[in-house]
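**Q** pasted the sequence and its predicted model underneath.
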Amino acid sequence: MPTTLRRRTLDLAGIEVPVVEAAGSGDGPKLTVIAGVHGCEYASMAAVRQWSAHLSGLDLRGSVRAVPVLNLPAFRARSPFVVPEDGKNLNRCFPGNPDGTLADRLAHATFTQLIAGSDALIDAHCGDLPEALEPFTLYEAGPAEDRALSLALAYGLGYVIRQQPGPGQAVAGTTSEAAAAAGIPAITAEAGGCGLIEQAAIDLHVRGLDGVLRALGMIAPPAGREAGYGTKGQGRPDSAPEPPTMLSRFIWLR
Ligand SMILES: [Zn+2]
């Protein structure tokens, strides 16, 4: 039976957020994929949009919910990093607060309606409007970290960062941290940036998301070809498999 796609909107803190739901023919994991937690990360948004559309052609086990643009207030205002209504970075507000400002409420609604109850979470990012970056994947130490690491490796980007919660933690309140705290394996995957929709960055995300489907057993591996690692730098997605560089800390240099 083919995979059926359904497009609808979810009411998240009063915002009608488009979501693509793919229901496979067999039982399997519930995978949630989000992009656009930051409003001007167009490469990752385009990647999740393209990837979710191609799910109908796959023989899928389990189900997928994909949100190409979560932070619609920032997207519509072309506001990098922060929700314009309250100046807060949505990806520092998880798991959210139903009584807070818009970013807190959007985080809470996203956590309770999309993240909780998932078997895995992928949050696709890129550099925001004035931001370039080297592709990397971030996951959190904790009870779900072995499964999160397997998702990070399956995504295939050149660097994988394991973040330890506690003092010195550079990035807190993210989707993937809140999911990890709830025992849900999760990664933040970053490729692309600078407000550009570059095909190479889109390809890295699409290949990464397909790799996640294979790692979760939701699709069969490609015949005659191992699921491989990705590339470092601006490398072509089709270059030879190469293991990622594993990093143990995330540090901001300003
Ligand atoms: Zn981001």
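**A** Done, it's in.

**Q** what are the phi and psi angles of residue 11?
**A** The phi/psi pair for residue 11 (degrees, to the nearest 10) reads phi -80, psi 100.

**Q** the one 3 residues further on too?
**A** For residue 14, the backbone dihedrals (degrees, to the nearest 10) come out as phi 80, psi 0.

**Q** kindly report the same for residue 87.
**A** Dihedral angles of residue 87 (phi, psi; degrees, to the nearest 10) stand at phi 70, psi 10.

**Q** any idea how far it lies from residue 171?
**A** Using Cβ to Cβ, to the nearest Å, we find residue 87 at a distance of 18 Å from residue 171. (Each C-beta comes from the backbone N, C-alpha and C, glycine too.)

**Q** more crowded one of the two?
**A** Using other Cβ atoms under 10 Å as the criterion, residue 87 and residue 171 rank with residue 171 on top: 17 against 11.

**Q** remind me, longest helix of this structure?
**A** Ranked by residue count, the top helix of the chain under DSSP state H comes out as helix 199-215.

**Q** so after it, what's the next helix or strand?
**A** Counting by DSSP states H and E, the element after helix 199-215 in chain order, helix or strand, is strand 245-247.

**Q** state the mean pLDDT of that next one.
**A** Averaging pLDDT along strand 245-247 gives 97.

**Q** how far does it sit from the chain's center?
**A** Put simply, strand 245-247 sits 19 Å off its chain's centre (Cα atoms, centre = their mean, to the nearest Å).

**Q** and what of stretch 245-254?
**A** Relative to its chain's centre, stretch 245-254 lies at 19 Å (Cα atoms, centre = their mean).

**Q** and the end-to-end length of that stretch?
**A** One end of stretch 245-254 sits 23 Å from the other (Cα to Cα, to the nearest Å).
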